[in-house]
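In: kindly generate the corresponding structure for this input.
(one chain, ligands or ions: 1)
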Amino acid sequence: MARVVVVGGGIAGVYFTSRLLELVKDVEVVLVEPEDHHFFVVGVPMAFGGLLDFQELVFPLAALRRVRHLKFAATALSQEKDKPCVRGAREGPVCGDYIVLAPGAVRIGSVNYWTLNGAQELYNKVVSAKAVRFIVNVFTPVMGFQELAYAIKSRFPEKEVSVHVVYASPDYDFLLDAWASKAREIGVEVSSDPPEWRQGELHVSVPAVKAHPLAANLEVAPTTFETDIERVYLIGDSSLIKLDLPPVGWGALWQATIAAQAVASEILKGHVEVEVNQWGGRDKDSFRNWLTYRMTTGTPLVHLRGLYDLWKKIIKNL
Ligand SMILES: Cc1cc2nc3c(=O)[nH]c(=O)nc-3n(C[C@H](O)[C@H](O)[C@H](O)COP(=O)(O)OP(=O)(O)OC[C@H]3O[C@@H](n4cnc5c(N)ncnc54)[C@H](O)[C@@H]3O)c2cc1C
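Out: From the prediction side, this is the model:
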């Protein structure tokens with residue numbers, strides 16, 4: 001039976017696992033993840049918007065039936081007896097016929113809205129602030145601040161909410177431009193100037209994001225996401241950054257679907273075969289077009305609710 005080691009139980013790792021188990025009935029999946037739970041980070045704005053409780057975004061990995069969870073942080077890749085493997089500081093090697101790296105990205109900054117505690121802490125500050133201003137002044141900002149701004153404005157219409165994109169990589173332009181006109185429609189101000197400081201306001205400096213150390217020296221094929229190490233794939237935020245795409249969950253879903261098809265077809269047919277999927281197309285340019293369309297037409301919180309309901313079913317089946 002083929003053995004697939006998935007490193008990282010976030011959006012990309014979970015969705016990859018779910019698609020793989022649908023495509024190949026007879027496969028062993030091992031999940032290397034340092035946390036006890038999966039955190040549905042894309043849903044954080046829903047909790048800010050009051051659509052659900054923060055705790056509902058947490059899914060314990062001990063409840064998984066078809067996936068074996070190994071609790072450690074992978075620190076290095078290696079090759080043992082012709083198989084790709086990962087090791088932790090004290091653990092391993094854990095080897096498989098395939099390794100799928102989905103460790104997310106490293107986020108650097110003074111605010112943290114992608115973990116349970118960090119998101120709750122920020123929410124508490126939002127509640128008592130007169131106005132909330134997100135300031136982007138880094139080359140590669142952590143995405144999600146736009147959805148948080150929407151959610152805060154929807155829940156607290158009396159608060160002023162604004163986004164100040166003072167500086168960001170041109171790679172984000174296509175996404176932020178499409179988003180800005182929608183934001184203005186619902187009352188979130190968008191500008192390229194920094195805000196003035198006023199008493200009682202909350203200013204949130206959006207942190208920067210960079211590729212995970214595990215991914216640092218890898219090259220990624222833009223069509224299958226296999227790396228330059230055979231049978232090692234890289235998907236999710238780190239992969240998107242390496243491909244000059246913004247690190248967003250839609251990208252993680254697109255890549256997870258494609259990588260699952262690639263691994264499944266190789267297991268079942270002996271060669272890699274992938275088809276265009278509903279999440280975004282055949283390559284990075286078609287994904288970029290799809291995402292721009294999605295950003296200009298979407299109604300974020302409602303879309304997220306649908307995704308969350310789908311997600312609960314996905315986790316239940318793992
Ligand atoms: C508040 C917020 C709202 C967002 N909203 C949206 C949205 O509406 N739409 C959208 O498209 N995107 C959104 N995003 C972006 C989206 O959440 C990310 O792009 C997505 O989570 C990336 O998935 P990932 O699996 O690559 O990383 P993550 O979801 O961050 O998961 C990475 C996982 O890897 C684990 N890990 C880390 N290091 C190691 C290691 N060494 N070994 C093993 N495991 C490791 C982590 O513990 C984690 O579980 C939002 C982000 C935030 C913060």
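
In: which non-adjacent residue is nearest the residue of the stretch 151-300 of the chain found nearest the ligand?
Out: Residue of the stretch 151-300 of the chain nearest the ligand, by C-beta to the nearest ligand atom: G236 (2.2 Å). The way it works is simple: take the backbone N, C-alpha and C, and place the C-beta from them, glycine included. Closest residue to G236 apart from its sequence neighbours, by C-beta to C-beta, 6 or more residues apart in numbering: A12 at 3.1 Å.

In: what helix or strand does the one you found sit in?
Out: Assigned by DSSP states H and E, A12 belongs to helix 11-23.

In: which other residues reach that helix?
Out: Here helix 11-23 makes contact (C-beta atoms under 8 Å, 6 or more residues apart in numbering) with 4, 6-7, 27, 29, 31, 33, 38, 40-42, 66-67, 100, 102, 104, 235-237, 239, 249, 252-253, 255-257, 259-261, 263-264, 268, 311, 314-315, 317-318.

In: how does it look with 6 Å?
Out: For helix 11-23, contacts defined as C-beta atoms under 6 Å, 6 or more residues apart in numbering pick out 6, 29, 38, 66-67, 100, 102, 235-236, 249, 252-253, 256-257, 259-260, 264, 314.

In: give the buried residues for that helix.
Out: Neighbour counts using 16 or more other C-beta atoms under 10 Å place 11-21 of helix 11-23 among the buried residues.

In: per the record, what domains does this structure have?
Out: With domains defined by automatic domain parsing, the chain comprises 2-52+59-105+210-316, 116-208.

In: got the end-to-end distance for the last one?
Out: When you say that, I think you mean domain 116-208. Using C-alpha to C-alpha, to the nearest Å, one end of domain 116-208 lies 19 Å from the other.

In: go on, the first one?
Out: Separation of the first and last residues of domain 2-52+59-105+210-316 by C-alpha to C-alpha is 23 Å.

In: now H164: closest residue in space that isn't a chain neighbour?
Out: Leaving aside its sequence neighbours, H164 sits nearest to I135 (C-beta to C-beta, 6+ apart; 4.8 Å).

In: spell out which parts of the stretch 101-250 of the chain neighbour the ligand.
Out: Counting by C-beta under 6 Å from any ligand atom, the positions of the stretch 101-250 of the chain adjacent to the ligand are 102-104, 113-114, 142-144, 147-148, 214, 236-237, 247-250.
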